[in-house]
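Trainee: the sequence and its predicted three-dimensional model are supplied below.
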Amino acid sequence: MVRTRCLAFGLLVGALALAACSPGSPVPPSEGPTSPAPLAGPTVGPAVVPSLQDYSNADFGFSLSYPAGYELQSSFPHSVVFLAPQGTPGHRERGWLTVELASDQNAEWYANQAKADNANLGIEITSSVQVIDGQQAYVLGRVPGQDLNRQVFIVYNGILYHLTFVPDDPARGTEEYQQMEALYAAIISSLRFLPDRQAVPPVTGIGNIMHHLERALNARSAEDIARLMGDEFVLGSLSATTAEGVTYEHYGRTDVAPLILKNELPPAPAVSLQYQVDWASVPGSLDTYSGIFPDEVVTPILARGWGPNGADQAVIIIARRFDGSLFWRGAFVLQQD
């Protein structure tokens, strides 16, 4: 029995010795290879996904995520500002999102309007199309402004979602540009549109309210015209040569809308509104209108096709409220002297 156990032990030791010398076994340090082993390539781990914060707006039907450490400010329900993390030097604004009531136009129309408004400033604006949550999004890059910026336009369920990111310029500084890119990537990849909304947004863009107003006037819709007005409306006339100069009266919105349809428009109007105007060739001056509205921010728009026969012109006054929304403030018929 003892002899059998000794034989088994000997066989076990021999097997272990053979295994230590087999090709698949680790080589002891003292018996390393004579030629250097090839260097292993860098280990590629999973991509680092930045932490995100969620934001949802039930009023205007959207949700999104933005990088952790950034701050979100919303002074008004229809606008959101995204700030870079605390400690960032200089201005921390890296993005804005505004929602406004869309007209019958799509996102491409709004993008083209913005591109046309900035076409003559000596900077080439890039453009591309993406799909965000099933909706076409038109992206403009290097749009001139206080900083070169990137703008995104999406129309969904009657709302224009307009995003702006700054600075769209690597020369402004690596940190600022990378912060903008991080915010852009997070929002664009997470933006979702909710099936319902609880509120109707205002109109905040000059081009947008011009289109709304042009449609309402040409449709002779008293309801749509009144909806675009403020509580008080100024209706008057303007002459550059007569002693009267400018005359006007104040009206409430419900009273003046029918009055405009009756006295200021032809039965089948074809009114066109123009923002880019040589105001030196228009009777009166811009100071005339700012003097009538001294404590308001107003923008004059030239209307052609005005009057009972559609042969007159009028200066349309658009005013801006403290929350950034726009409304139709007044109209002055240009007298033919």
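Mentor: Happy to help now that I have it. Numbers count the residues shown, from 1 in each chain.

Trainee: could you list the domains of this protein?
Mentor: 52-193, 206-334 (automatic domain parsing).

Trainee: could the ones you listed be laid out in a markdown table, adding mean neighbour count and distance to V200?
Mentor: No exception for glycine: its C-beta is placed from N, CA and C like everyone else's. Listed next are the domains of the chain as a markdown table, based on neighbours: other C-beta atoms under 10 Å; distance: least, C-beta to C-beta, whole Å:
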| stretch | mean neighbour count | distance to V200 |
| --- | --- | --- |
| domain 52-193 | 17 | 6 |
| domain 206-334 | 16 | 10 |
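
Trainee: hey, least reliable of the ones you listed by pLDDT?
Mentor: When those are compared on average pLDDT, domain 206-334 comes out lowest at a mean of 91.

Trainee: next, the distance between the ends of that one.
Mentor: Using C-alpha to C-alpha, to the nearest Å, the end-to-end distance of domain 206-334 comes to 22 Å.

Trainee: quick one, phi psi at E100?
Mentor: phi -150, psi 160 (degrees, to the nearest 10).

Trainee: wouldn't it be in contact with H211 here?
Mentor: No - taking contacts as C-beta atoms under 8 Å, E100 lies outside contact range of H211: 11.6 Å.

Trainee: excluding sequence neighbours, find me the nearest residue to D231.
Mentor: Once flanking residues are discounted, D231 sits nearest to R253: 6.3 Å by C-beta to C-beta, 6 or more residues apart in numbering.

Trainee: check contacts around that neighbour.
Mentor: By C-beta atoms under 8 Å, 6 or more residues apart in numbering, the contact set of R253 is A226, M229, G230, D231, E232, F233.

Trainee: ok, which stretches of the stretch 151-300 of the chain are strands?
Mentor: Applying DSSP state E, counting those that start in this stretch to the stretch 151-300 of the chain gives strands spanning 159-165, 192-193, 229-238, 246-252, 272-274, 297-306.

Trainee: give me the contact list for the fourth one.
Mentor: Spelled out, it's strand 246-252. Strand 246-252 is contacted from outside by 231-239, 259, 284, 288, 292, 330, 332, using C-beta under 8 Å, 6+ apart.

Trainee: rerun at 6 Å
Mentor: Applying C-beta atoms under 6 Å, 6 or more residues apart in numbering, the external contacts of strand 246-252 come out as E232, F233, V234, L235, G236, S237, L238, T288.

Trainee: in CSV: the residues you listed, plus distance to L72.
Mentor: Formatted as CSV, the contacts of strand 246-252 follow (distance: C-beta to C-beta, whole Å):
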residue, distance to L72
E232, 35
F233, 37
V234, 38
L235, 42
G236, 44
S237, 48
L238, 45
T288, 42
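
Trainee: a markdown table please, covering the strands of the stretch 151-300 of the chain and showing distance to R172.
Mentor: Putting those into a markdown table (distance: least, C-beta to C-beta, whole Å) gives the following:
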| stretch | distance to R172 |
| --- | --- |
| strand 159-165 | 12 |
| strand 192-193 | 30 |
| strand 229-238 | 39 |
| strand 246-252 | 46 |
| strand 272-274 | 35 |
| strand 297-306 | 29 |
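
Trainee: those strands: which one's closest to S65?
Mentor: Among the strands of the stretch 151-300 of the chain, strand 192-193 comes nearest to S65, with 9.4 Å by C-beta to C-beta.

Trainee: now do that closest one: everything it contacts.
Mentor: Under C-beta under 6 Å, 6+ apart, the answer for strand 192-193 is G61, F62, S63, D133, Y156.

Trainee: of all those, which two lie farthest apart?
Mentor: Using C-beta to C-beta, the pair of the contacts of strand 192-193 lying farthest apart is S63 and Y156, separated by 12.7 Å.

Trainee: so where do the helices sit in this structure?
Mentor: 2-20, 107-117, 174-190, 206-218, 222-227, 253-263, 286-292 (DSSP state H).

Trainee: now these as CSV including distance to R321?
Mentor: Conversion of the helices of the chain to CSV gives the following (distance: least, C-beta to C-beta, whole Å):
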stretch, distance to R321
helix 2-20, 86
helix 107-117, 21
helix 174-190, 27
helix 206-218, 12
helix 222-227, 15
helix 253-263, 15
helix 286-292, 17
